[in-house]
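Trainee: just the structure for this:
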Amino acid sequence: MRTTLALLLLAAAICRADRVWLGDSVARLGFPNPEPTREGREVFERRGYPGILIAERDREYVTIDGIKVFLDDGIRASTYRVKGRPDSVRLTMERDDYLAAVSPILWGPPPGSRRPQRIVLDPGHGGKDPGKQNTQLRVDEKAMTLDVAKRLAVLLRKSGYEVLFTRENDTFLELKDRSAFANRVKADLFISLHFNADATGQANGTETFCLTPAGQQSTNTTSKGAARPVTGNRQDGLNILLAYEIQRQLVNNLGGADRGVRRARWAVLTDLQCPGVLVETAFLSNPAEAKKIASEPYRQAIAQSLAAAIASYGGRMSR
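Mentor: Next up, the predicted model:
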């Protein structure tokens with residue numbers, strides 16, 4: 001034990017203060033710290049769940065059990081020097097990324113975290129705001145998100161959850177009113193449902209957003225710069241844990257491209273007093289994915305995946 005501690009201290013002495021050695025850090029979470037399989041790539045495996053972490057030099061994300069988790073500053077490489085041993089190249093991670101992104105997923109929620117019971121579903125858009133549209137298929141995002149929400153509510157209520165909606169019909173709601181409703185009813189979880197679009201029509205896949213941790217940058221292109229603390233940041237660890245479980249279930253069950261767990265300061269997330277995420281499941285602008293979205297079996301599969309994710313998230317709570 002003393003030898004290991006001495007090595008960690010010697011290694012830490014040449015690592016920038018705002019970064020940590022990835023191998024040394026995840027070793028504290030029960031992962032063996034082997035030599036790199038090749039320069040610029042490190043694979044860590046442990047028994048249990050999640051069990052595999054892969055990091056690659058200059059990537060802006062790590063993969064945890066095959067799911068991308070985007071970081072603030074990404075993975076970098078540095079010379080690892082320990083007295084009496086040959087120099088090697090090891091990977092480093094921003095300290096705040098380790099604490100805010102990787103550790104909550106690998107370690108789980110803090111002791112005393114309670115399983116969710118009251119869940120607020122937020123079908124994106126509505127009323128005068130149709131959201132993304134596929135005119136060829138005559139599909140509006142607002143209708144599809146409401147349909148998925150209703151299907152999900154049926155599954156959750158069968159499992160004993162209490163489910164509330166920010167909207168149950170084709171009505172318009174301001175973004176801040178959605179999180180205000182969740183706060184007013186003292187929700188345990190908040191899930192905002194959306195479908196994606198891009199100008200090229202080529203983009204595809206699923207991405208799940210949690211609130212950007214305080215002091216870090218967002219991963220969406222419209223929200224750069226270090227974030228100031230907001231109410232929703234009180235739940236940062238649980239936010240990213242929920243986002244990871246949702247992204248994992250959607251990608252593994254639906255088979256779409258993994259666009260990763262991402263962070264943004266979306267208005268529906270900033271004021272939340274409970275863990276919350278915004279889910280972008282498939283692209284209405286992509287012809288193949290739009291056809292899937294327009295089909296009832298696919299929307300039912302989305303609902304089933306989200307229900308499984310909530311159960312998996314709740315299963316990681318201590319009580």
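
Trainee: let's verify Leu193: helix, strand, or coil?
Mentor: Three-state call for Leu193 (DSSP: H, G, I helix; E, B strand; the rest coil): strand.

Trainee: separation between the closest residue to Arg90 other than its chain neighbours and Asp198?
Mentor: Counting by Cβ to Cβ, 6 or more residues apart in numbering, Tyr80 is the residue found nearest to Arg90 once chain neighbours are left out, at 3.8 Å. (Each C-beta comes from the backbone N, C-alpha and C, glycine too.) Distance of Tyr80 to Asp198, computed by Cβ to Cβ, to the nearest Å: 40 Å.

Trainee: more neighbours: those two, which one.
Mentor: Higher neighbour count among Tyr80 and Asp198: Tyr80, with 21 against 13, using other Cβ atoms under 10 Å.

Trainee: do a quick rundown of the helices in the stretch 1-150 of the chain.
Mentor: Using DSSP state H, counting those that start in this stretch, the helices of the stretch 1-150 of the chain run over residues 2-12, 22-27, 95-97, 103-107, 141-158.

Trainee: which among those helices is found nearest to Ala308?
Mentor: Ala308 sits nearest to helix 141-158 of all these, at 9.0 Å, using Cβ to Cβ.

Trainee: name the helices or strands packed onto the closest one?
Mentor: strand 118-123, strand 162-165, strand 189-196, helix 296-315 (3 or more Cβ pairs under 8 Å, 6 or more residues apart in numbering; DSSP states H and E).

Trainee: out of those, which comes closest to Asp140?
Mentor: It is, among these and with distance given as Cβ to Cβ, strand 189-196, at 9.5 Å.

Trainee: tell me which strands that closest one pairs with, and in which orientation.
Mentor: Applying DSSP bridges to the sheet, strand 189-196 is found paired with strand 118-123 (parallel), strand 276-283 (parallel).

Trainee: please work out which of the ones you listed is packed deepest.
Mentor: By mean neighbour count, with neighbours taken as mean count of other Cβ atoms under 10 Å, strand 276-283 ranks first of the strands paired with strand 189-196 at a mean of 26.

Trainee: quick one on the thing from earlier: redo the helices and strands packed on helix 141-158 as TSV? Include mean pLDDT and distance to Arg41.
Mentor: Below are the helices and strands packed on helix 141-158 laid out as TSV (pLDDT from 0 to 100; distance: least, Cβ to Cβ, whole Å):
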stretch	mean pLDDT	distance to Arg41
strand 118-123	98	39
strand 162-165	98	43
strand 189-196	98	30
helix 296-315	98	28
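
Trainee: tell me where the model's unsure across this protein.
Mentor: 1-15, 36-38, 221-227, 319 (pLDDT under 70).

Trainee: quick one, what contacts the closest residue to Asn220 other than its chain neighbours?
Mentor: Leaving aside its sequence neighbours, Asn220 sits nearest to Ala264 (Cβ to Cβ, 6+ apart; 4.3 Å). For Ala264, the contact set (Cβ atoms under 8 Å, 6 or more residues apart in numbering) comprises 209, 211-212, 218-220, 223, 278.
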